[in-house]
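> okay, sequence plus prediction incoming.
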Amino acid sequence: MSALPELQTAFKQAVFGDGQTNATIESAIATGGLTAAEKVSIHRNNTFLTLTDSLTAVFPVVARLVGEEFFAATAREFIQRCPPRHASLLFYGGGFGDFLDGFAPAASLPYLGDVARLEWAWHEAFHAGDAKPLAADDLQRLAVESLGRLKLTPHPSARLLISDYPTAAIWQANQSCDGDPETINLDAGGCTLLVIRPALDVEVRILKPGVHALLSVLISGGDLTQAHAGAVAVDENFDFESAIADLIGGGTFTSYFQGD
């Protein structure tokens with residue numbers, strides 16, 4: 001291993017691992033004043049503080065649900081297991097929901113991972129590219145017989161979520177820091193959600209299961225015929241025309257093209 005990769009590997013291990021320095025690190029750090037171990041320790045602490053602050057900013061509802069001290073300890077564990085892989089912190093935290101699913105100290109809050117996934121979807125939607133939504137009038141010139149093979153391009157901010165818990169209600173109840181949040185009945189059932197930013201503001205929309213199934217097929221690249229079949233499989237009384245009209249009216253798509 002060449003000198004630079006060896007130093008980078010050793011430094012990463014010291015910062016995100018056991019915090020211990022070795023000869024490779026010590027030889028690269030100027031002597032005088034603090035020891036190499038003390039300097040690395042300062043950098044390590046600053047790194048964890050910065051990343052914890054970043055996670056707190058992206059997951060404020062999770063932080064509120066568990067409390068500041070618990071969140072800081074949870075974030076520290078996540079940072080050690082899943083250090084950043086991108087230079088920009090905008091991309092850090094995507095795996096936090098999955099991490100929480102398996103984080104034993106949070107087992108008493110089984111919905112926490114879904115709340116984190118909702119907050120990450122909101123974060124991604126907020127930073128997604130802008131795009132002009134498709135209008136219903138754009139489809140009027142198409143021949144009826146060609147509609148079945150039509151594919152709709154989702155808005156770049158569109159994110160779908162499905163949860164066994166009333167995640168949207170939990171998230172909404174914790175948007176304000178004024179007073180205690182309302183009590184949410186966890187037995188109220190799950191939800192299917194669309195997170196999207198068709199204009200300036202991010203929206204969290206609760207979808208009916210059939211609409212969620214339809215949109216899932218379209219986002220995955222399926223055509224309208226396949227999307228209709230997916231929706232009907234979930235809801236045999238599914239109103240296809242109304243659902244498509246509502247989705248287009250809500251800025252869910254940006255363009256269309258004919259499939260094979």
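Perfect, thanks for sending it. Numbering: from 1, shown residues only.

> how about the strands in the chain?
Counting by DSSP state E, one finds strands in the chain at the ranges 150-154, 159-163, 191-196, 203-207, 253-258.

> want to throw these into CSV with mean pLDDT, mean neighbour count and distance to residue 77?
Bear in mind the C-beta positions are built from the backbone N, C-alpha and C, glycine included. As requested, the strands of the chain are exported to CSV (pLDDT from 0 to 100; neighbours: other CB atoms under 10 Å; distance: least, CB to CB, whole Å):
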stretch, mean pLDDT, mean neighbour count, distance to residue 77
strand 150-154, 94, 20, 34
strand 159-163, 98, 19, 23
strand 191-196, 98, 24, 26
strand 203-207, 97, 17, 28
strand 253-258, 91, 15, 39
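
> wait, residue 249 touches residue 137, no?
No. Here residue 249 lies out of contact with residue 137, judged by CB atoms under 8 Å, at a distance of 11.2 Å.

> the more surrounded of those two?
Each of residue 249 and residue 137 had its neighbours counted (other CB atoms under 10 Å), and the higher figure belongs to residue 249 (12 against 8).

> find the nearest non-adjacent residue to that one, please.
The spatially closest residue to residue 249, leaving aside those adjacent along the chain, is residue 136, at 6.7 Å (CB to CB, 6 or more residues apart in numbering).

> just the pLDDT for residue 72.
On pLDDT, residue 72 comes in at 98.

> burial count for the nearest residue to it once chain neighbours are set aside?
Counting by CB to CB, 6+ apart, residue 72 lies nearest to residue 52, which is 5.8 Å off, once chain neighbours are set aside. Counted by other CB under 10 Å, the residues lying close to residue 52 total 19.

> in this protein, what helix or strand scores lowest on average pLDDT?
Of all regular secondary-structure elements in the chain, judged by mean pLDDT, DSSP states H and E, the least confident is helix 23-28 with a mean of 74.

> who touches the closest residue to residue 78 other than its chain neighbours in this structure?
Counting by CB to CB, 6+ apart, residue 99 is the residue found nearest to residue 78 once chain neighbours are left out, at 5.2 Å. Contacts for residue 99 (CB atoms under 8 Å, 6 or more residues apart in numbering) come out as 78, 81-82, 113.

> any idea which of those residues is closest to residue 48?
Residue 48 lies nearest to residue 78 out of these, by CB to CB, at 10.6 Å.

> so how far is residue 62 from that closest one?
Between residue 78 and residue 62 the distance is 11 Å, computed by CB to CB, to the nearest Å.

> the two: which is more packed in?
With other CB under 10 Å as the criterion, residue 78 and residue 62 differ in neighbour count, and residue 62 comes out ahead with 28 against 20.

> and the nearest residue to that one once chain neighbours are set aside, how many neighbours?
Here the nearest residue to residue 62 in space, its sequence neighbours aside, is residue 116; by CB to CB, 6+ apart that works out to 5.2 Å. When neighbours are counted by other CB under 10 Å, residue 116 registers 26.
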